[in-house]
Every structure is written in structure tokens, then in C-alpha cells.
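Enquirer: sequence and predicted model, in that order:
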Amino acid sequence: MVNSSVEFKRFIELKEVIVKSDGRIILNIPHAVIPADRICACIGPNGAGKTTLLKLLDGLIKPDSGSIAYSTGPIKSALVLHHTPMIKASARVNIAMVRDADASISSTEIDAVIEQIGLRHLANSPAHKLSAGERQKLCLGRAILQNPNLVLLDEPTANLDPNTTEQVEEIIRQFKVQGSDVIFTSHQLAQVQRLAEYIVFIDHGEIKEKGPVGPFFSDPQTQAAQRYLHQELLAD
Ligand SMILES: Nc1ncnc2c1ncn2[C@@H]1O[C@H](COP(=O)(O)OP(=O)(O)OP(=O)(O)O)[C@@H](O)[C@H]1O
């Protein structure tokens, strides 16, 4: 397993991390270095602990024990989860809610982001009536406006059609271009191969394998990863 931080310009180091829920260990990471300087995909079976890892990296949850440190020191992250609730107001108002945390965000910036995510024609429509794909774009727009060092995306294109998936993938690439590091989860292996440069494979709350995308797909080292890839490819 590649575990050296030397090869990464920016990375996140987890040490002796344990996360429990109702007394059950749901994440157990004795030591891991996750690169932040390249688009990283966190994959693994349902219930493996991927979302929990994203929440942990965001600081939304704290580990029961252990530490998480960013090589650059404290950073600003933005987490985009599934099914983010919308308030009963326009898409624009929902996007502009990021001002609650950062009043310096201007109307011009908000308009530019609405344009970037392709929602200009829906800016005044009620956000709670948006489709799943439009809603996801809105959430990504909020994340863009937060100008994070690290953006964490939980299954960003789950249930989206191919065209919307492509649009959302382009928004994700733009995060990188605009200087945000990206870690996302996905069950879509073709997407992972399109977008990611590095894989973190989680199974039963443990990082079983990690490394560059190509070797992971062509020659997975652990039985767990081999089994997962085999099953997912059958499901595709
Ligand atoms: N708030 C919670 N309370 C109780 N258990 C939780 C909670 N959040 C997660 N879990 C449990 O932790 C485990 C890991 O969940 P997590 O959502 O991180 O998995 P995942 O890999 O993202 O799964 P999926 O691919 O299905 O989204 C699961 O067994 C889940 O039931």
C-alpha cells in the first residue's frame, strides 16, 4: 500500500482514528495519508464508511479517538451531502444563504456562480421544486461560493441522468482548476476512472487499499478490492 507523504504536495494524515456509532466501530484507520493535491475518489461497498470519512475530513463529526491533520495546517472545507434540504424560497436565495457564513460574498459573485452552474434560467424558481440534478448543481454552487481549500462530495451524481452527470463532472473539474482540492465518493466506476487520479478503497470501516487509479483498476492488491470491482462491474 502506498503510504508515503513524500510524493504528495498536500495531504491529509489520519492517525489512530476510530469513529463509533452506538458503540460499534464504523471507521478504524490506524494510519493513512490521503493526497489532497489530486482528485481523489473514495470508493467501497454500501455501509463501508465513505460518507463517515468525508464528514470526518470536513470536521462535521469528530473521531472518538485519533487525529486528522492537513499538511498545510487548518483549512476551509465544504461538504456536499445528498438530499440537502432547501428552504421555501428561490434557487438564488438558497444559494445566497452562504452569505450567512461569509457576508463578504457579493451579488456579482453569486450571479457568476449561478451562471457557471447553468441555473440562470431557474434562479427565481422555488428551490424546493428543483429536480435532483438542478438541486445538486445548486449545492455545488454554494460550495463554489465558499471558496474552500477542500471540497468533499458525497456521491455527487447519484440518480442523475448521463447529461446532467456530465455537467456535474465538469463543475467538479472546475473546482480543481479554481484551486480547491477534491475528494468524492461514488459507486460509478466509469466516473471514478474519468474524474479521479487517486483511489481510497474502504471496506468495513477500514482503508483496505489506496493508490493511483490505473494500477488500482488493472491490478487491485486486496481480495476485498478485487471482489468489489468484480461485483460492481457485473452490476454496471
Ligand atoms: N448517524 C449514524 N448513526 C448510526 N449509524 C451510522 C450513522 N452514520 C453512519 N452509520 C453507520 O456507519 C456505517 C458507515 O456508514 P456510511 O454512511 O459512512 O457508509 P457509506 O460507505 O457512505 O455507504 P453508502 O455507499 O451506502 O452511502 C454504516 O453501517 C451506517 O449504518
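Expert: All right, it came through fine. Numbers count the residues shown, from 1 in each chain.

Enquirer: for the helix or strand hosting residue 164, packing partners?
Expert: Here residue 164 is covered by helix 162-177, with elements defined by DSSP states H and E. Judged by 3 or more C-beta pairs under 8 Å, 6 or more residues apart in numbering; DSSP states H and E, helix 162-177 is in contact with helix 132-145, strand 181-185, helix 189-195. Every residue, glycine included, has its C-beta placed from N, CA and C.

Enquirer: mean neighbour count, these: which tops it?
Expert: With neighbours taken as mean count of other C-beta atoms under 10 Å, the helices and strands packed on helix 162-177 reach their highest mean count in strand 181-185, at a mean of 25.

Enquirer: which elements pack onto that one?
Expert: If you count contacts as 3+ C-beta pairs under 8 Å, 6+ apart, strand 181-185 packs onto strand 40-43, helix 50-58, strand 150-154, helix 162-177.

Enquirer: mind putting those into a markdown table with distance to residue 98 and mean pLDDT?
Expert: Listed next are those as a markdown table, based on distance: least, C-beta to C-beta, whole Å; pLDDT from 0 to 100:
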| stretch | distance to residue 98 | mean pLDDT |
| --- | --- | --- |
| strand 40-43 | 24 | 97 |
| helix 50-58 | 15 | 96 |
| strand 150-154 | 13 | 96 |
| helix 162-177 | 15 | 92 |
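
Enquirer: the ligand is nearest to which of those?
Expert: Nearest to the ligand, of all those, is helix 50-58, at 3.3 Å by C-beta to the nearest ligand atom.

Enquirer: and the closest one, anywhere near the ligand?
Expert: Yes. Applying C-beta under 6 Å from any ligand atom, one finds helix 50-58 in contact with the ligand at 50-52.

Enquirer: ranking by neighbours, what's the top pick from those residues?
Expert: Most neighbours among the residues of helix 50-58 next to the ligand, by other C-beta atoms under 10 Å: residue 50, with 25 neighbours.

Enquirer: quick one: residues contacting the closest residue in space to that one that isn't next to it in sequence.
Expert: Distances taken as C-beta to C-beta, 6 or more residues apart in numbering place residue 185 nearest to residue 50, at 4.3 Å, with adjacent residues excluded. Contact partners of residue 185, counting by C-beta atoms under 8 Å, 6 or more residues apart in numbering, are 41-43, 50-51, 54, 153-155.

Enquirer: residues from the protein in reach of the ligand?
Expert: 21-22, 26, 44, 46-52.

Enquirer: contact partners for the closest residue to residue 203 other than its chain neighbours?
Expert: Among residues not flanking residue 203 along the chain, residue 224 sits closest, at 4.4 Å (C-beta to C-beta, 6+ apart). Neighbour list for residue 224: 201, 203-204, 208-209 [criterion: C-beta under 8 Å, 6+ apart].

Enquirer: buried members of those residues into PyMOL, please.
Expert: In PyMOL syntax, the buried subset of those is picked out as below (16 or more other C-beta atoms under 10 Å):
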select buried, resi 201+203+208+209
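
Enquirer: now, the most widely separated pair of the contacts of residue 224?
Expert: Greatest spacing in the contacts of residue 224, by C-beta to C-beta: 204 and 209 (12.7 Å).

Enquirer: returning to what we had before: pull out the buried members of the residues of the chain next to the ligand.
Expert: Buried members of those, scored by 16+ other C-beta under 10 Å, are 26, 44, 48-52.
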